[in-house]
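S.K.: Fold the following and give me the result.
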Amino acid sequence: MWQKFVAGACVMTGALGFGWSLCGEMDSDIWHLKQQKQILLYISGEITYLHRPMEEIFDLTAGKAEPPYDMFLSGISRRMKERDGSSLVSIWNEAVRDKTDGADFSQTAVRYLAEMGNCFEYEGEQLQVEALRLFELELDSEIDRLTVKKNENSRMIKALSTLAGILCIILFL
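M.R.: Prediction:
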């Protein structure tokens, strides 16, 4: 009898854990996009008001960014200081490609990180700042969309995972 109780507890733990992990993935996407927005705001402020070189901006931003973005930005700054003739956009895209196989970034975060790099294609500070502001609006709308989706679906996901665990217990025991 006690084996059935242990098995039922394991099934419920697995079902609940699955539901919580799905909700955690949604929270992770929102967190990554909010971090990218903070990075974006800091970069555009540095470009607009202090007119610093981009490698210096990335160093300063890396000091204020949360992991894993601090390593990402410091890597870009390090590559820019090498002065090998590569453009900022190509260095950015190469760094994003390197991060796609890592477990630190979600797919949504990688996609928006790659799009952020396209904002640096423009010549002149004013055009870059305007492109960054447009991208900021896009990030805001995606954060709002994901937050609404999370609020709608998280309660349902948790309830369905609990019910699935109960159904498995009933069927297998």
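S.K.: And the lengthiest helix in the chain, how far out from the chain middle?
M.R.: In the chain, with assignment by DSSP state H, the single longest helix is helix 125-172. Here helix 125-172 is found 12 Å from its chain centre; the criterion is CA atoms, centre = their mean, to the nearest Å.
S.K.: cool, and stretch 62-78?
M.R.: Centre-to-centre, stretch 62-78 and its host chain are 14 Å apart (CA atoms, centre = their mean).
S.K.: Buried residues, it. List them.
M.R.: Within stretch 62-78, the residues that count as buried by 16 or more other CB atoms under 10 Å are 62, 65, 68-69, 72-77. For every residue, glycine as well, the C-beta is placed using N, CA and C.
S.K.: Stretch 84-92 too?
M.R.: Result for stretch 84-92 [16+ other CB under 10 Å]: buried residues 88, 91-92.
S.K.: got it, and stretch 146-154?
M.R.: Quick answer for stretch 146-154 (16+ other CB under 10 Å): 146-147, 150, 154.
S.K.: What helix or strand is the spatially closest residue to Glu138 that is not a sequence neighbour located in?
M.R.: Nearest residue to Glu138, sequence neighbours excluded (CB to CB, 6 or more residues apart in numbering): Glu115, at 7.6 Å. Under the criterion DSSP states H and E, the helix or strand holding Glu115 is helix 107-117.
S.K.: pLDDT averaged over that helix - what is it?
M.R.: The average pLDDT for helix 107-117 rounds to 92.
S.K.: Which elements pack onto that helix?
M.R.: helix 2-45, helix 88-99, helix 125-172 (3 or more CB pairs under 8 Å, 6 or more residues apart in numbering; DSSP states H and E).
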